[in-house]
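Asker: Need the 3D shape of this:
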Amino acid sequence: MKLKLKNQVAVVTGSSTGIGAACAIGLAQEGVKVVINYHSSKEEAEDVVKKIKGAGGSAIAVKADVSDEKDIKKLFKACLKEYGHLDILVANAGIQSDSSFTTMTLKEWNKVIGINLTGQFLACREAAKIFRKQGVHDRSRAAGKIICMSSVHDEIPWAGHVNYATAKGGIKMMMESMAQELAPDKIRVNAISPGAIKTDINEDAWDTPEALEKLLTLVPYGRIGQGEDIANVCAFLCSDAADYVTGATLYVDGGMMLYPGFSDNG
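Answerer: So this is what the prediction gives:
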């Protein structure tokens, strides 16, 4: 299958590390010009840019706090200044700030909701404005493609992470509502919900044999996911091969959503 993404332009928020970096590199391998967004890790963002350029691709790094409306506008302005158009948004930026529910502070709640949910709203809104203005073009059958990065915790409750799970649940309904509203403009909106993916954000869940063994009891497929597992799905959803797909959530989780606790009749 040829994805035919060459010369398209993508903004990938939170793409200096982890899943965001994997998606940015994966899109660049398909010929997409990529804007690497970071908040504080400039060196890591520049490393991603170097990897893309070293492989013959095109990328720039732009600092922006996705929860800040002014920063979001600057991010997309920088994209248009460098590349002249926009075809893809991967709204990926996210954090965890974990606490039990009764000890969670308002600051911990607001920080996660601000970046993980409000940040996606702001980025998606700005991208949709650009897509509407551009209309359908010869680079794609769609006027624009939005990928919201969610989590299996948009469905699976997660004690001790109520702010994170709430944000991801909100992303699911926001994505579906955006997809419904923007479809007549030929703007496709979908979500990817990763399960256990090997990144720095969840290192304590896989960095020892004991931790990994415990984690894999939740994954019927028997392995932890890699960034490229998400990147491959992201590239597909951004391509014309997925032109009739909008409002969908693809769970990339090795079967975590299959309730493995019931595999032996519970």
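Asker: Tell me which residues touch the spatially closest residue to residue 69 that is not a sequence neighbour, please.
Answerer: Of all residues not flanking residue 69 in the chain, residue 122 sits nearest, at 5.7 Å (Cβ to Cβ, 6 or more residues apart in numbering). C-beta coordinates here come from the backbone N, C-alpha and C atoms, glycine included. Contacts for residue 122 (Cβ atoms under 8 Å, 6 or more residues apart in numbering) come out as 66, 67, 69, 72.
Asker: would you turn the residues you listed into CSV with distance to residue 176 and pLDDT?
Answerer: Formatted as CSV, the contacts of residue 122 follow (distance: Cβ to Cβ, whole Å; pLDDT from 0 to 100):
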residue, distance to residue 176, pLDDT
66, 21, 98
67, 22, 98
69, 23, 98
72, 22, 98
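Asker: among those residues, which are in helices?
Answerer: Among those, the members found in helices (DSSP state H) are 69, 72.
Asker: about what we covered before: state the distance from the residue nearest to residue 69 to residue 174.
Answerer: Distance, residue 122 to residue 174, using Cβ to Cβ, to the nearest Å: 11 Å.
Asker: sorry, back to before: list the buried ones in the strand or helix carrying the residue nearest to residue 69?
Answerer: Secondary structure assigned from DSSP states H and E places residue 122 in helix 119-134. Neighbour counts using 16 or more other Cβ atoms under 10 Å place 119, 120, 121, 122, 123, 124, 126, 127, 128, 130, 131 of helix 119-134 among the buried residues.
Asker: Save those as CSV, and put in distance to residue 113 and pLDDT too.
Answerer: Converted to CSV, the buried residues of helix 119-134 look like this (distance: Cβ to Cβ, whole Å; pLDDT from 0 to 100):
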residue, distance to residue 113, pLDDT
119, 9, 98
120, 11, 98
121, 10, 98
122, 13, 98
123, 15, 98
124, 15, 98
126, 19, 98
127, 20, 98
128, 21, 98
130, 25, 98
131, 26, 98
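Asker: Same list, those residues, but as TSV with distance to residue 168 please.
Answerer: What follows is the buried residues of helix 119-134, written out as TSV (distance: Cβ to Cβ, whole Å):
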residue	distance to residue 168
119	13
120	10
121	14
122	17
123	16
124	15
126	21
127	20
128	21
130	25
131	24
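Asker: Widest-spaced pair of those residues?
Answerer: Greatest spacing in these, by Cβ to Cβ: 119 and 131 (18.5 Å).
Asker: can you map out the helices along the stretch 1-150 of the chain?
Answerer: 18-29, 42-54, 69-83, 106-113, 119-134 (DSSP state H, counting those that start in this stretch).
Asker: ok, now the stretch 151-266 of the chain?
Answerer: Using DSSP H, counting those that start in this stretch, helices in the stretch 151-266 of the chain cover 162-182, 209-216, 227-238.
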